[in-house]
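J.: no letters, just coordinates:
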């Protein structure tokens, strides 16, 4: 019974929409507030001119000239980078630096020192390693 009643109600709702004989007005903006429409509901305006079909043309990219080949001069040989040496045991230290067991001097204070060649050396406990 509810199905029949629900179906009748849907037909009653559809009837007023079909009974509208006047067309909707063309959409226009409200002159006081340009973010709103003057009248709702409305229909879009008809096109000013009928649209015409146009063939889509996809052109090819222009050919690019090949860039000239520039000879590259070979790089000069780079100096050999010394590998870090094995840590050296420290023999004695004073306020200006330390000496290792072989007698080489490491100048500086704290854990960062320099050896005789100017390389950075790091003190780790009783050992010194230069990089």
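T.: Thanks, I have the structure now. Being a predicted model, the structure only gives us computed values, none of them experimental.

J.: which parts of this structure are helices?
T.: 2-19 (DSSP state H).

J.: low-confidence ranges, it, go.
T.: Applying pLDDT under 70 to the chain flags the ranges 1-21, 82.

J.: strand partners (parallel or antiparallel) of the lengthiest strand in the chain?
T.: In the chain, taking DSSP state E as the definition, the longest strand is strand 88-94. Here strand 88-94 has these sheet partners by DSSP bridges: strand 97-100 (antiparallel), strand 127-130 (antiparallel).

J.: report the central residue of the protein.
T.: residue 61 (29.0 Å; Cα atoms, centre = their mean).

J.: returning to what we had before: run through who's touching the longest strand of the chain.
T.: Here strand 88-94 makes contact (Cβ atoms under 8 Å, 6 or more residues apart in numbering) with 98, 99, 100, 101, 102, 103, 104, 123, 126, 127, 128, 129. Backbone N, C-alpha and C define where each C-beta goes, glycine included.

J.: and of those, the nearest to residue 22?
T.: residue 129 (95.1 Å; Cβ to Cβ).

J.: run a quick neighbour tally on the residue nearest to that closest one when sequence neighbours are not counted.
T.: Excluding the flanking residues, the one nearest residue 129 by Cβ to Cβ, 6 or more residues apart in numbering is residue 87, at 4.2 Å. Look at residue 87: counted by other Cβ atoms under 10 Å, it has 17 neighbours.

J.: my guess is residue 87 contacts residue 125. True?
T.: No. If you go by Cβ atoms under 8 Å, residue 87 and residue 125 don't touch, sitting 9.4 Å apart.

J.: residue contacts, the residue nearest to residue 129?
T.: So residue 87 contacts 124, 127, 128, 129 (Cβ under 8 Å, 6+ apart).

J.: name whatever forms a beta bridge with the third one.
T.: For residue 128, the beta-bridge partners under DSSP bridges are residue 88, residue 123.

J.: ok, it touching residue 114?
T.: No. Using Cβ under 8 Å as the test, residue 128 is too far from residue 114 to be in contact (10.9 Å).

J.: pull the contacting residues for residue 108.
T.: By Cβ under 8 Å, 6+ apart, the residues touching residue 108 are 96, 97, 114, 121.
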